[in-house]
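*Asks:* Predicted model follows, preceded by the sequence.
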Amino acid sequence: MVKIKKRKLGEAQIPTSSMADIAFLLLLFFLVSTNIDVDTGIGLVLPEFVPPEEQEFVPLSKDRMAALLINENGDVLLDGNIIAIPQIKDNLKVRITEKIDLPSNRKLVVSVKTDRRTVYNLYIQSLDQVKGAYFEVWEEYAGAKYGKSVRDLTPEELEDVRTKIPIIISIAEPEKV
Amino acid sequence: MKFKKKRASVKQDIPTASLPDIVFMLLLFFMVATQLREVDVLVQFSLPEAEFIEKIENKRLVSYVWVGRDERIQINDSIVRQEEIREIMYRKRVELPNVIVSFRVDKNANMGVVTDIQQELRKADARRINYSSLLKR
């Protein structure tokens, strides 16, 4: 009898050891080309546009208003008095804090006005101070009432903080030149 | 005397079969997080710095306006004239009702340009804005 030799099958395999290398290469490419930058900045909502002929003059009592004027020489005036930019925050904080318990139609309004030739950076620095004043008052209020930081507040509590201390920044109507 | 080399009796290799899977997982993350299309910024600018800044959570809502140090205005991919802003922004606003307009303005620019753009935005009723600035350290 003839012995029929069974042919042994070679194991069919795809070498996978280099797969990791290929994947790493791709990974590196995407690592390098990714930029996860978060946009940061000072948020604001502009007032609604009202045509000049329909504009009404709404009188605001003096103590509700904090008028911030940044003129073209780089002077910053708060209610007509020259003030250094880093002082704006503390100055406003006092005025915001004393209005916490007043009804919503008597809260502080910060009006920011600039000249056409004011440098943008100064405007941002001043606006930053105004925002900073509000944020710090928020923080103090949240700490006193809820005993936690604004960041940890529940949505309802945050809503309360927002209604008690609303950020009202008004961008003054530009003057026609 | 014959010395026998000591060897552990167990197999000594690290299983690498799952390595590609791990790497692919990382790869997928970065592929999703990457956005390759960047707008060519045609104006030169350096952003101002501020302390009390907020993050824009939703990047999809953001639409940029660049103002360079030579006070040219760029929206999307091209330099635009001031009169065109209203039309462009109005269209954006129709597409995306709660669009946030991010101002990327050179810190030495004059407020005049910014004020003009803001007036146009108000007319186009795209009123949510954000002055892009870097964190002051």
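*Replies:* Now that the structure is in, tell me what you want to look at.
*Asks:* From residue B:44, how far off is residue B:72?
*Replies:* 9 Å (CB to CB, to the nearest Å). Just so you know, the C-beta spots here come from the backbone N, C-alpha and C atoms, and that holds for glycine as well.
*Asks:* Any stretches of chain A with poor pLDDT?
*Replies:* Judged by pLDDT under 70, chain A has its weakly predicted residues at A:1-3, A:36-37, A:176-177.
*Asks:* how about the helices in it?
*Replies:* Here chain A has its helices, by DSSP state H, at A:19-33, A:88-97, A:120-145, A:155-164.
*Asks:* For residue B:72 and residue B:44, indicate the residue with more neighbours.
*Replies:* residue B:72 (16 against 11; other CB atoms under 10 Å in any protein chain shown).
*Asks:* so which of the helices of chain A gets nearest residue B:14?
*Replies:* When those are compared by CB to CB, helix A:19-33 sits nearest residue B:14, at 12.0 Å.
*Asks:* for that closest one, the distance to its chain's centre please.
*Replies:* Centroid separation for helix A:19-33 versus its chain: 35 Å, with CA atoms, centre = their mean, to the nearest Å.
*Asks:* helices or strands up against that helix?
*Replies:* helix B:19-33 (3 or more CB pairs under 8 Å, 6 or more residues apart in numbering or on different chains; DSSP states H and E).
*Asks:* hang on, the earlier thing: of the helices of chain A, which stretch is the most buried?
*Replies:* helix A:120-145 (a mean of 20; mean count of other CB atoms under 10 Å in any protein chain shown).
*Asks:* How far does it sit from its chain's centre?
*Replies:* 10 Å.
*Asks:* Please enumerate the helices of chain B.
*Replies:* Counting by DSSP H, the helices of chain B are B:19-33, B:85-95, B:111-124.
*Asks:* Any residue of the second one touching chain A?
*Replies:* If I follow you right, that is helix B:85-95. No - residues of helix B:85-95 are not located near chain A by CB under 8 Å from any CB of the partner chain, the shortest gap being 10.1 Å.
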